[in-house]
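Enquirer: next input, structure requested:
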Amino acid sequence: MEAITIKTEVNAGLDKVWDYYNNPEHVQQWNAAHESWHCPKAENDLREGGRFSYRMEARDGSFGFDFGGVYTSVQPGKSFTYTMDDERKVSVSFVPEGDSTTGIVVVFDPESQNPVEMQEQGWQAILDNFKNYAEMH
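Expert: Take a look at the predicted model:
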């Protein structure tokens with residue numbers, strides 16, 4: 001299956017965007033596709049060979065899952081790649097556009113359980129939630 005690409009532009013500088021995207025205390029604030037979900041736990045060891053683990057849960061407690069993986073490369077302030085626990089590959093790139101805007105491009109391998117459009121919409125919703133959080137705080 002072909003990789004899926006999502007992207008956004010954040011009206012904030014690169015240093016802030018990088019920190020908010022990777023710092024667990026911030027990740028817990030934005031890492032959900034819908035307001036009915038949240039991320040009560042986040043751990044992130046952002047280095048090659050380091051592991052991240054995010055707990056995603058429905059706010060009503062009806063469902064939850066762990067989302068995690070291992071970093072395969074990290075270029076601070078620029079990009080990182082990781083392999084998810086189910087062996088799918090993901091790359092995230094940060095592209096400064098002047099002093100106050102940062103582009104983010106995420107490319108990920110789809111899984112085979114859900115339609116590609118649903119996966120694209122879900123990941124884009126999370127990225128949009130990040131954009132809103134970073135611009136408001």
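Enquirer: helices and strands around the helix or strand harbouring Thr8, which ones?
Expert: With secondary structure defined by DSSP states H and E, Thr8 is part of strand 4-10. Using 3 or more CB pairs under 8 Å, 6 or more residues apart in numbering; DSSP states H and E, the elements in contact with strand 4-10 are strand 102-108, helix 116-136. C-beta coordinates here come from the backbone N, C-alpha and C atoms, glycine included.
Enquirer: what's the closest of those to Asp66?
Expert: Closest approach to Asp66 among those (CB to CB): helix 116-136, 15.4 Å.
Enquirer: residues in contact with the closest one?
Expert: Residues from elsewhere that reach helix 116-136, judged by CB atoms under 8 Å, 6 or more residues apart in numbering: 1, 4, 6-12, 16-17, 20-21, 26, 29-34, 104, 106, 108, 110-111.
Enquirer: just the buried subset of these, written out for PyMOL, thanks.
Expert: Restricted to buried positions by 16 or more other CB atoms under 10 Å, the PyMOL selection for these reads:
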select buried, resi 4+6+8+10+12+16+17+20+21+26+29+30+31+32+33+104+106+108+110
